[in-house]
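[1] what follows is a predicted structure for the sequence shown.
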Protein chains: 2
Amino acid sequence: MSIVESAGQVLREGAFGHATGLACRECGHEIPLGPNYACPECFGPLEIAYDFPAITREEIEAGPANIWRYKALLPVPSDIEQSPNMEPGYTRLLKAHNLGRELGIDNLWVKDDSTNPTNSFKDRVVACALSAATEFHSKVFACPSTGNLANAVAAAGARAGIKTVVFIPANLETPKKVNSAIFTDSLIAVNGNYDDVNKLASEIAGEEDGWAFVNVNVRPYYAEGSKTLGYEIAEQLGWRLPDQIVIPVASGSQLTKVHKAFQELIKLGLVEEKPYRVFGAQATGCSPVSVAYKAGVDAIRPVKPDTIAKSLAIGNPADGIYVLDICRETGGAVEDITDDEVRAGIVLLARTEGIFTETAGGTTVGVLKKLVETGQLDTSLETVVINTGHGLKTLDAVTELVGAAATIDPSYDAFRASGLV
Amino acid sequence: MSIVESAGQVLREGAFGHATGLACRECGHEIPLGPNYACPECFGPLEIAYDFPAITREEIEAGPANIWRYKALLPVPSDIEQSPNMEPGYTRLLKAHNLGRELGIDNLWVKDDSTNPTNSFKDRVVACALSAATEFHSKVFACPSTGNLANAVAAAGARAGIKTVVFIPANLETPKKVNSAIFTDSLIAVNGNYDDVNKLASEIAGEEDGWAFVNVNVRPYYAEGSKTLGYEIAEQLGWRLPDQIVIPVASGSQLTKVHKAFQELIKLGLVEEKPYRVFGAQATGCSPVSVAYKAGVDAIRPVKPDTIAKSLAIGNPADGIYVLDICRETGGAVEDITDDEVRAGIVLLARTEGIFTETAGGTTVGVLKKLVETGQLDTSLETVVINTGHGLKTLDAVTELVGAAATIDPSYDAFRASGLV
């Protein structure tokens, strides 16, 4: 078996499947596979380049009920299922009859990623980052985070038996700390806000050997995990692309990767080529991409976030300019809503479809509603909306909105007298 | 199309699939399918009777990635997927390398039901109850509950578009109220404890027409949903029964239904007949079945529960005597552990396999450990342990046990000085 040497490391043959190198999204410069994320020529973001094999729908359908059914299209080895991992993905795509009726959309689906192992789409990207960290012989699996990512990294690392170190702002609420600390003995609280924590992580990634920060130095591998959302939606629709899709925008990575997934499926002949519109959703309190979209400009002006949708609160989104490109080219849009509309979106999805989403999902559903009301979305076209995380993680957002309808004494007479039925 | 009349109601043909009637578990008396749960002859519990068709592994494998792949073996119509429902089940069966190594078990699996739509196995049973409620033309879908069941009923009812009424003790903590109230505008707080709430529910079920209380008058249909846990385990093992299985015991229904599922698979020729041992897990603060098992008696003496494992805290378990029979006949056991051992079980599962379980799962994992330590479990045999729910619902249980390892200033020097790496 031949061995590939890359970035000073000896890599297993096939360690990254059909990936052939890292290509700069800006200048196209290619370098060998390694724990790198910025182009050495122009500092643009690096993405995985592939030489995909021919693959059939049947081969994919014969795979496991998780993201590894698409392993041939990811930077992972062909024996990935043998390594202990969280086995995320292949989550429900639910026909949203009630929500569709409520909003006046004829044919609406919810892709519900809140049922992933740690209850957000982050399990998908972290699973791909873990594979890369393993192949690079990393000794520490790490991230800066305030929530979903911390949960996913700490859990995946525990199961894989690799040391995890998770950095969080020290003032995080206790429940959020517990939800990561349950998995790791190295939760590190940092005196500062998320930006401070993030900066510290980049510093450590630069100084220490053998640290794989999922969203820093193994980011190109990590980001590919979001493609599986796109693959699943197409497969679950019966190997067909939707006409319209609404996706939340934090860094913007997920939206660009779902679009990339659709393009790959077309190129591989797995779905028929057709036009589709991509819409981005932000909360007004952190809406740099939406602001740029509406202003008709190409540059994103960074903002200081102030919204309850904390998992979307990235003031300087790395992939924001690509989101603008995609939404404009496909005939979609980027829209934003207030925090009250975010809360209303959470309740609306729960009451119509029985899905309890976090503030990010409330944002996406609320934006879907606004897109209809403003005529930006065609209600006669098949539409998918993505729910990325679970409401149990952002309970406070709705605590004031819902509660008991009545309090009664424990007797049938009291029940009848309450006039509830 | 012929029509079946039952219990004064006109039912669709095939409304309950291959179910043929309700049979008393005690005296064998059979009555037609209807919203009944007690034998009119002896007041024993009624169970669904079937006339199963021949069915192949391939037919099941071609079904959806949820419990409806087993619809031919459930009391539901053949078009069940067409009705809006939560699409629960087909959850992960994870090889537990780390936990197995920690406990000295050679071949251990975790069946993780915490990734169901509302994060517990209750979505399975509620989906079957909802189908029955629909076929009986019920106008209200209801339950008494303190937690998981309330979430599942309120969510499933919202999605199905049927009115839900959920009864809870008035002193329930706010997060637990929110987790149900998010789905329904008829959460009713009752001044009293769970027993009072439960008694009120039975009274309403007896007095009101058209109310389907999932765990009261449609209980025989509801309970069948737990069989899918057994079917999935066998299918996910490659159509093979495990040698040993450890299951939490609240009412005892789940344990009896997993055993029933294994027996059905043998009779249908879908798995090879083989001996297997069934173990029941309780918390010492509510361990009436374990106490009876250890005393070698057949009668269960009801207790007043006092344990943090609230979802297992049923002091007078309806199926306790059947649990005793099954565990004794199969060569298993029933064991119980303290609340501190429950908490330790939660942390152990999280740290080894990246699964955050609620107190019920902590109980099951802790009992698994105790069964090994006391020599009751054969560590050389293939063993499955069931995780029934999610730790986000019982966060308080571990808040004192886990937390940040250190608090540092946001600089690389501070990080180095912390001595953490």
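    Thanks, I have it.

[2] state the distance from A:Gly21 to A:Asn36.
    Using Cβ to Cβ, to the nearest Å, A:Gly21 is found at 10 Å from A:Asn36. Using the backbone N, CA and C atoms, a C-beta is placed for each residue, glycine as well.

[3] swap in A:Lys122?
    From A:Lys122 to A:Asn36 the distance is 22 Å (Cβ to Cβ).

[4] which of those two has more neighbours?
    Under the neighbour definition other Cβ atoms under 10 Å in any protein chain shown, A:Lys122 and A:Asn36 were set side by side, and A:Lys122 has more, 34 against 17.

[5] which helix or strand contains the closest residue to the more buried one other than its chain neighbours?
    Using Cβ to Cβ, 6 or more residues apart in numbering or on different chains and skipping the chain neighbours, the partner closest in space to A:Lys122 is A:Ala152 (3.9 Å). Per DSSP states H and E: A:Ala152 is located in helix A:148-160.

[6] contacting residues for the closest residue to A:Ile55 other than its chain neighbours?
    Leaving aside its sequence neighbours, A:Ile55 sits nearest to A:Ala72 (Cβ to Cβ, 6+ apart; 5.3 Å). A:Ala72 sits next to A:17-18, A:52-53, A:55, A:59, A:78 when contact means Cβ atoms under 8 Å, 6 or more residues apart in numbering or on different chains.

[7] these in helices, which ones?
    Taking DSSP state H, the ones among the contacts of A:Ala72 that sit in helices are A:Glu59.

[8] what's the closest of the contacts of A:Ala72 to chain B?
    Using Cβ to the nearest Cβ, A:Glu59 is the member of the contacts of A:Ala72 that lies nearest chain B, at 15.7 Å.

[9] roughly how far does that closest one sit from A:Gly17?
    For A:Glu59, the distance to A:Gly17 - Cβ to Cβ - is 14 Å.

[10] the more surrounded of those two?
    Legend: neighbour count by other Cβ under 10 Å for A:Glu59 and A:Gly17, higher for A:Gly17 (20 against 12).

[11] OK, contacts around the nearest residue in space to the more buried one that is not next to it in sequence?
    Spatial nearest neighbour of A:Gly17, excluding adjacent residues (Cβ to Cβ, 6+ apart): A:Val76 at 5.4 Å. Applying Cβ under 8 Å, 6+ apart, we find A:Val76 in contact with A:16-17, A:68, A:128, A:131.

[12] for A:Trp211, same thing?
    Applying Cβ under 8 Å, 6+ apart, the residues contacting A:Trp211 are A:138-140, A:142, A:165, A:204-205, A:217.

[13] please redo it, this time with the cut-off set to 10 Å
    A:35, A:133, A:138-142, A:163, A:165, A:201, A:204-205, A:217-218, B:421 (Cβ atoms under 10 Å, 6 or more residues apart in numbering or on different chains).

[14] which of these are buried, as a PyMOL select command?
    Buried members of the contacts of A:Trp211, defined by 16 or more other Cβ atoms under 10 Å in any protein chain shown, are picked up in PyMOL with:
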select buried, (chain A and resi 35+133+138+140+141+142+163+165+201+204+205+217+218) or (chain B and resi 421)
